[in-house]
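Undergrad: Test case, fold it:
(3 chains)
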Amino acid sequence: MIYKFLSFILIMNSIQNMYNILLESYGKQGWWPLTSITENKGYHPGRYYLPRTHGEIFEVYIGAILTQATNWKTVEKAIKNLKELDALSPEKLIITDRTSVIDAIKSTGYYNQKYKRLLAISEYYLKLGERKPTRHELLGIDGIGKETADSILLYAYRDPVFVVDAYTIRILENHKLIKKKEKYESVQKLFSDSIPRDFKVYQEFHALLVEHAKRYYIKTTPKEKKKKIIFDPLLMEI
DNA sequence: AACCAGGACGTGA
DNA sequence: TCACGTCATGGT
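TA: Next up is the predicted model:
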């Protein structure tokens, strides 16, 4: 029993170390990217007061839906298209004709689903008014699962909710900090137990894990078919 | 030219 | 509960 306790302490320490090293290596990431920020492709490191307007907050919702199972570059294009269409607000999105919106978001794939989901969050966002959503409410909306809900809470509202994505799982598995098929909430709790309850840390850590995974956890050449992971330099350090 | 992307959801076992 | 198929375009 005491053995288990000690190993848990070590794991917590590794998580904290991982954050320190990633931050030191890559710097502040400045998520969530916003079109109102013209420089640095919308990223705004250190400006933790963002987003602040309804336009910026709603853009996080839109991006969170559109980025599901696709890369951000295609989402960037889609949001830009929506802006040119003048459909980048819940009110406008609802009244804009379906084919125009679908055409705008086509690059992100799954456009039929995503169109429906954009409508759903638009309706919800309007009903919300000035109120802040709860996780439970968000999860009740079509197309919003755990990761999307937590992304919205963390990046649109600055709630200290850790976002667990596929990359996070992959990295932690590789470092043997979790077992395979560890559950979402379980991984989330591990982070909550290991790092200070500070939304800024949560935002940066998640973004840093994504950055790290993009560098070392994606297959690079068709040759390395069997090897998903190249080599993670962090394995030596933590 | 496969293989994968900042997932979610429905279904059948 | 859980493993698996589906949704679809674009980047590497």
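Undergrad: in chain A, which ranges drop under the pLDDT threshold?
TA: Within chain A, the ranges that satisfy pLDDT under 70 run A:219-230, A:238.
Undergrad: Next, work out how far apart the spatially most central residue of it and DNA strand B are.
TA: Per Cα atoms, centre = their mean, the C-alpha nearest to the average position across chain A is that of A:Ser151, at 5.0 Å. Distance, A:Ser151 to DNA strand B, by Cβ to the nearest atom of the strand, to the nearest Å: 6 Å. Any C-beta I mention is one placed from the backbone N, CA and C, and that applies to glycine too.
Undergrad: any idea which helix or strand carries that residue?
TA: Taking DSSP states H and E as the definition, A:Ser151 sits inside helix A:146-151.
Undergrad: Is there any residue in that helix that contacts DNA strand C?
TA: No - no part of helix A:146-151 sits close enough to DNA strand C to count as contact by Cβ under 7 Å from any atom of the strand; the gap is at least 13.3 Å.
Undergrad: Flag every buried residue along that helix.
TA: Burial within helix A:146-151, assessed by neighbour count using 16 or more other Cβ atoms under 10 Å, is assigned to A:Lys146, A:Glu147, A:Thr148, A:Ala149, A:Asp150, A:Ser151.
Undergrad: contacting residues for A:Gly63?
TA: Shown here is A:Gly63, whose contacts under the criterion Cβ atoms under 8 Å, 6 or more residues apart in numbering are A:Trp32, A:Pro33, A:Val75, A:Ile79.
Undergrad: In the helix or strand hosting it, which residues are buried?
TA: Using DSSP H and E, A:Gly63 sits within helix A:54-66. Neighbour counts over helix A:54-66 (16+ other Cβ under 10 Å) mark A:Glu56, A:Ile57, A:Phe58, A:Glu59, A:Val60, A:Tyr61, A:Ile62, A:Gly63, A:Ala64, A:Ile65, A:Leu66 as buried.
Undergrad: Now tabulate those in CSV and tack on distance to A:Ser194.
TA: As requested, the buried residues of helix A:54-66 are arranged in CSV below (distance: Cβ to Cβ, whole Å):
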residue, distance to A:Ser194
A:Glu56, 30
A:Ile57, 29
A:Phe58, 32
A:Glu59, 30
A:Val60, 25
A:Tyr61, 29
A:Ile62, 31
A:Gly63, 27
A:Ala64, 25
A:Ile65, 29
A:Leu66, 31
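Undergrad: Of these, which are in range of DNA strand C?
TA: Counting by Cβ under 7 Å from any atom of the strand, no member of the buried residues of helix A:54-66 is near DNA strand C.
Undergrad: residues from chain A in reach of DNA strand C?
TA: Residues of chain A lying near DNA strand C by Cβ under 7 Å from any atom of the strand: A:69-71, A:73-74, A:77, A:106-107, A:109-114, A:181, A:183, A:220.
Undergrad: Go again with 10 Å.
TA: A:68-74, A:76-78, A:102-103, A:105-116, A:180-181, A:183, A:214, A:218-222 (Cβ under 10 Å from any atom of the strand).
Undergrad: Which ones among those lie within helices?
TA: A:72-74, A:76-78, A:102-103, A:105, A:111-116, A:214 (DSSP state H).
Undergrad: Quick check: closest non-adjacent residue to whichever residue of chain A sits closest to DNA strand B.
TA: Taking Cβ to the nearest atom of the strand as the measure, chain A has A:Gly145 as its residue closest to DNA strand B, at 2.5 Å. In space, not counting the residues next to it along the chain, A:Gly145 is nearest to A:Leu139; the distance is 7.2 Å by Cβ to Cβ, 6 or more residues apart in numbering.
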